[in-house]
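Engineer: Make a model of this:
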Amino acid sequence: MADPLVLFHLSDIHFCLEDQRALAWVEQCIARERPAAVCITGDLTMRARQREFHAACKWIASLDVPVTVEVGNHDLPYFNLVERFTQPYRRFRAIEALLERQLVLPGIAVVPLKTVTRAQWRWPWSNGWVTDEALADTLAAIDALPAGTRVLVVAHHPLTERDLHGKKLTINGTQAMQQLARRGILAILTGHVHDAFDIEQPTPSGPLRMIGAGTLSKRIRSTPPSFNELTIDEAGIRVCVRNLEHVPTPAMQIAEVPENALPPRQPEDPVAPIGTVPAVDPPVH
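Structural biologist: From the prediction side, this is the model:
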């Protein structure tokens, strides 16, 4: 039996509003434990400013392990609308020399799926949209892999298309989930909502496992800053939500994907008690 593969799944660091204590701790964990790779599922920056990408590049370069980063809605120009419409990914490309867009690890391939757009017909533009082109690119990359390759897909937005109240979340998410389930991927890793989750979503093509990472920023929602440690072996994926507060994994994971991440919490605002978050045990795989 092959040795287990360990990946670190990070998300929503938001350089400019990063939690420096949490980020230093993660950096120490990576240096000490040497995961096979680090997957960052978007929102590397807060407002896509040049100085934020510079800080992100400096931090990524210090890790000395394979890294992949997906673009998040906060990584597109926020103030410069001309650039947002004409060159929306120009600043994000500053980090490309440090990354491997598609990771091929022993027995595992990590394939990206773009869920952000420069503009949408609905508001807010921060919500997800899996365009036909983006989905086709991801499916083609999966189909080109050698037979028997196990696949992790990485994206920024969870693929849930509507919330419990019927509000549209990720456009074309339902079709994307069905197509990914048809190809039997291990899971899709996402961020965006700033709380961790591990949910098995039924689709007409079979179940799809959706694993979300929390935030490493000051923009916390219901749980303290955290990252996912993923241990992959022949039995599947085990998820440990690691955090400085030593909150157990089931208590760190929310039961439903919420509409969006909340605005930054003000310093005088109390942190929501961990016990107020609906928690579920991760599914057994």
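
Engineer: can you confirm residue 27 is in a strand?
Structural biologist: No - assigned with DSSP: H, G, I helix; E, B strand; the rest coil, residue 27 falls outside any strand and is helix.

Engineer: residue contacts, it?
Structural biologist: 59, 62-63 (CB atoms under 8 Å, 6 or more residues apart in numbering). Glycine gets a C-beta too; all of them are placed from N, C-alpha and C.

Engineer: And the strands in the protein, which stretches?
Structural biologist: 5-10, 37-40, 67-69, 103-105, 108-112, 150-154, 187-190, 197-201, 208-212, 226-233, 236-243 (DSSP state E).

Engineer: Which strands and helices lie in contact with the second one?
Structural biologist: By that I understand strand 37-40. strand 5-10, strand 67-69, strand 103-105 (3 or more CB pairs under 8 Å, 6 or more residues apart in numbering; DSSP states H and E).

Engineer: so what's the residue lying closest to residue 252 once chain neighbours are set aside scoring on pLDDT?
Structural biologist: Nearest residue to residue 252 in three dimensions, chain neighbours excluded: residue 241, at 4.0 Å (CB to CB, 6 or more residues apart in numbering). We have a pLDDT of 98 for residue 241.

Engineer: cool, residue 15 as well?
Structural biologist: pLDDT, read off for residue 15, is 97.

Engineer: got it, and residue 268?
Structural biologist: On the pLDDT scale, residue 268 gets 36.

Engineer: Selection in PyMOL covering whichever of the contacts of residue 27 are buried, please.
Structural biologist: Selection command for PyMOL covering only the buried members of these, criterion 16 or more other CB atoms under 10 Å:
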select buried, resi 59+63
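
Engineer: and which of the contacts of residue 27 is nearest residue 258?
Structural biologist: Minimum distance to residue 258 across those is 27.6 Å, recorded for residue 59 (CB to CB).

Engineer: Could you count how many residues lie near the closest residue to residue 155 other than its chain neighbours?
Structural biologist: The shortest distance from residue 155 to any non-neighbouring residue, by CB to CB, 6+ apart, is to residue 113 (4.2 Å). Neighbourhood size, residue 113 [other CB atoms under 10 Å]: 24.

Engineer: what sits against residue 113?
Structural biologist: 70, 130, 134-135, 138, 153-155, 176, 188.

Engineer: any residues touching the worst-scoring helix or strand of the chain on mean pLDDT, and which ones?
Structural biologist: Least confident element among the helices and strands of the chain, by mean pLDDT, DSSP states H and E: helix 81-86 (a mean of 85). Helix 81-86 has contacts (CB under 8 Å, 6+ apart) with 76-78, 90, 118-119.

Engineer: So which of those residues wins on neighbours?
Structural biologist: residue 76 (24 neighbours).

Engineer: backbone phi and psi for that one, please?
Structural biologist: phi -100, psi 150 (degrees, to the nearest 10).

Engineer: which one is it nearest to, not counting chain neighbours?
Structural biologist: Nearest non-adjacent residue to residue 76 (CB to CB, 6+ apart): residue 88, at 4.9 Å.
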